[in-house]
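1. Sequence and predicted structure are below.
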Amino acid sequence: MQYVLSLVLLCSFGCQTNTLQQPNTLQQPNIVFFLVDDHALKALSAYEGSLIETPNLDRIAKNGMRFDAACVTNAICAPSRTVILTGTHSHINGVVDNGSRFDPTQPTFPLLMQEAGYQTALIGKWHLKSNPVGFDYWEILLGQGQYYAPEFLKSIDGSDPVKNTHDGYCTDITTDLTIDWLREHRDRDAPFLLLCHHKAPHRTWMPGPNQLELFKDTEFPEPETLFDDWEGRSTAASTQEMTISDHMYLWHDLMVPPEEGAILEGPDKWAHGNVNRMNDSQRATWDESFDEENNAFTKSNLKGKALTRWKYQRYMKNYLRCIKGIDDNVGRLLDYLEENNLENTIVIYMSDQGFFLGEHGWYDKRFMYEPSLRIPLLISWPGVTGKGSKSELLVQNLDMAQTVLGMAGITPPTRMQGESLVPILKGESPNWRDALYYHYYEYPGAHNVQKHEGIRTEQYKLIHYYEIDEWELFDFENDPDEMQNLYANPKYAKIENALKQKLVTLKLEYKVPK
Ligand SMILES: [Ca+2]
């Protein structure tokens, strides 16, 4: 009955009946899919220029393929997660911003794989408002999730969801629950799809107890654009509210407690909730780690650029400590796979979008600029993908649903709009897209970033902030930091026209409403 119902639901979204195939366990590989939240490319040492070492994440790259031009379609959490699940752009799947509710009757790769005989499980961050569909087992963080003593909602085989609070640190707990699932719930007679979705390193960048002492004496290099004045670029760049200098809060974001009697503003008003979730022992370790630095900072009374520099360093240390927590925990799960004859499991590691680590003076994401558009994407597929291989093709989060379905030998619905990465992973040279489409919608909204759409090719990027009708054109091979807006520059007229034409073509292809 459940099968028939799903078939009806799926076909109401225009799929072909041949999408539902019988299980073929011999040819269907096990898959672990790590999705992390806001992991910038600059914080993963499998890529060049990383700020830190991530030896465990690097294991995935060494064992498989590193994608060097992986991008998203819409650089914000819930929309990107929905693109990954459905293989469709935001205007098709309906989750255009973080306020949207995901309609879970849409075809997703987990649902199709469940129907094809996979045992499916999801553990960690979900953030799509509706409860997950297509999973035999799910245990998701409530909303954004908390770093300490996080609350989860759990359902097994369609049972009514039950709320649980787990003591400890979110990244450690998510890994414990994932390993517990492998140990206790895995059906040894069926292939599995296991989604391990971490909350970290999302704002408010609270490190785990095991990472608190890292980087104490490290001074991280500042990006050259930390004090960017956004001259020559659109007013979208100069009117955003995501600067480290003015929009990053000492208590909420940087863990500097306010002095007694201080008047709290903005997110600092509720920031106590972050640390109040710790138990006494965790809180004591936390205070011991931060007190001395915090006291010295308070006494120093820094202003202007010196204050921004201090904030940048504290931000980097805590953000990168969160990443080290991810790295340690991914290592634990990889070890489990190796130690339990599951070393042939496909492992996928990616982020829902990139993140600004001080570039242009910012944190957060949303813009089509490189630091938020691009994501780390590592895939190891033992026996299929060459070890330590690399791809420079323009791939997107849009491609993941068809890729995972392709790995399992399942034909994707015609509704899906990406391209399977399977031929690339097999070392073939498929005809590939020469430009990708991007569209950000959340305005007015947090951080005040104007709506925009655009295309990126191997060398150029054209962005249209259409509600204020302003354009930007970048040649990031010659200007990797995207500081010079070449729009309306006569020297680039030909390129500008070609990019505009291509943008029109892509919008038609993806059925973007006029
Ligand atoms: Ca995110």
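-> It's in.
2. so how many other residues sit close to the residue in the stretch 101-250 of the chain positioned nearest to the ion?
-> As assessed by Cβ to the ion, the ion sits closest to residue 202 within the stretch 101-250 of the chain, at 6.1 Å. Where you see a C-beta, it was placed from the backbone N, CA and C, and this is true even at glycine. The number of residues packed near residue 202 is 23, by other Cβ atoms under 10 Å.
3. did I read that right, it in a helix?
-> No - going by DSSP: H, G, I helix; E, B strand; the rest coil, the assignment for residue 202 is coil, not a helix.
4. And the pLDDT at it?
-> Turning to residue 202, the model gives it a pLDDT of 98.
5. Not counting its neighbours along the chain, what's nearest it?
-> residue 37 (4.3 Å; Cβ to Cβ, 6 or more residues apart in numbering).
6. Do you know the pLDDT at the one you found?
-> On pLDDT, residue 37 comes in at 98.
7. That one touches residue 352, doesn't it?
-> Yes - if you go by Cβ atoms under 8 Å, residue 37 and residue 352 touch, sitting 5.8 Å apart.
8. pLDDT averaged over the helix or strand that contains residue 66, what's the number?
-> Assigned by DSSP states H and E, residue 66 belongs to strand 65-67. Averaged across strand 65-67, pLDDT comes to 98.
9. How far away from the center of its chain is it?
-> Its chain's C-alpha centre and that of strand 65-67 lie 16 Å apart, by Cα atoms, centre = their mean, to the nearest Å.
10. Kindly report the same for stretch 374-386.
-> Chain-centre distance of stretch 374-386: 16 Å, with Cα atoms, centre = their mean.
11. Next, the buried residues of it.
-> For stretch 374-386, the buried set under the neighbour-count rule, 16 or more other Cβ atoms under 10 Å, comprises 374, 375, 376, 377, 378, 379, 380, 381, 384, 385.
12. What's the mean pLDDT across it?
-> For stretch 374-386, mean pLDDT rounds to 98.
13. Tell me, how many residues neighbour residue 82?
-> Residue 82 is flanked by 28 other residues according to other Cβ under 10 Å.
14. All the helices of the stretch 351-500 of the chain, residue numbers only.
-> Counting by DSSP state H, counting those that start in this stretch, the segments of the stretch 351-500 of the chain that form helices are 370-373, 400-407, 422-425, 493-509.
15. coming back round to it: got the contact list for the strand holding residue 66?
-> For strand 65-67, the surrounding residues in contact (Cβ atoms under 8 Å, 6 or more residues apart in numbering) are 46-47, 377-381, 385-386, 388-391, 393, 395, 421, 424-425.
16. Spit out the contact partners of the closest residue to the ion within the chain.
-> Taking Cβ to the ion, the ion has its nearest neighbour within the chain at residue 77, 3.6 Å off. By Cβ under 8 Å, 6+ apart, the residues touching residue 77 are 37, 38, 98, 127, 202, 352, 353.
17. Could you do residue 113 as well?
-> Here residue 113 is in contact with 120, 134, 193, 404, 405, 408, 410 (Cβ under 8 Å, 6+ apart).
18. Show me which residues of this protein are close to the ion?
-> 37, 38, 77, 352 (Cβ under 5 Å from the ion).
19. Tabulate those residues (JSON lines), appending secondary structure.
-> Putting the residues of the chain next to the ion into JSON lines (three-state DSSP) gives the following:
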{"residue": "37", "secondary structure": "coil"}
{"residue": "38", "secondary structure": "coil"}
{"residue": "77", "secondary structure": "helix"}
{"residue": "352", "secondary structure": "coil"}
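20. Just the closest of these to residue 465, please.
-> Lowest distance from residue 465 to these (Cβ to Cβ) belongs to residue 77, with 21.4 Å.
21. Mind listing what's buried along stretch 473-491?
-> 473, 474, 475, 476, 481, 482, 483, 484, 485, 486, 487.
22. what does stretch 495-510 give?
-> Buried positions in stretch 495-510, judged by neighbour count with 16+ other Cβ under 10 Å: 495, 496, 499, 502, 503, 506, 507, 510.
23. Check stretch 295-303 too.
-> Judged by neighbour count (16+ other Cβ under 10 Å), stretch 295-303 contains these buried residues: residue 297.
24. and that stretch, average pLDDT?
-> Averaged across stretch 295-303, pLDDT comes to 97.
25. what's in contact with it?
-> Contacts of stretch 295-303 (Cβ under 8 Å, 6+ apart): 256, 259, 310.
26. Narrow those to just the buried residues.
-> Among the contacts of stretch 295-303, those classed as buried by 16+ other Cβ under 10 Å are 256, 310.
27. From the contacts of stretch 295-303, which one has the minimum pLDDT?
-> Per-residue pLDDT puts residue 259 lowest of those, at 90.
28. rewinding a little: biggest separation within the buried residues of stretch 374-386, which pair?
-> Farthest-apart pair in the buried residues of stretch 374-386 is 374 and 384; separation 24.9 Å (Cβ to Cβ).
29. any idea how far residue 28 is from residue 506?
-> Noted for residue 506: a distance of 33 Å to residue 28, by Cβ to Cβ, to the nearest Å.
30. now the helix or strand encompassing residue 112: mean pLDDT?
-> For residue 112, the element it lies in under DSSP H and E is helix 109-115. Helix 109-115 shows a mean pLDDT of 98.
31. And the next helix or strand past it?
-> For helix 109-115, the succeeding helix or strand toward the C-terminus, using DSSP H and E, is strand 119-124.
32. hang on, the earlier thing: out of the buried residues of stretch 473-491, list just those in strands.
-> Using DSSP state E, 473, 474, 475 are the members of these that sit in strands.
33. quick check, nearest of the residues you listed to residue 330?
-> Among these, residue 474 lies closest to residue 330 (Cβ to Cβ), at 33.2 Å.
34. hang on, residue 422 packs against residue 406?
-> Yes - if you go by Cβ under 8 Å, residue 422 and residue 406 touch, sitting 3.9 Å apart.
35. just to revisit the earlier point, so what touches the helix or strand following the strand holding residue 66?
-> Using DSSP H and E, the next helix or strand after strand 65-67 towards the C-terminus is strand 70-71. With contact meaning Cβ under 8 Å, 6+ apart, strand 70-71 is reached by 350, 373-377, 394-397, 436, 438, 456.
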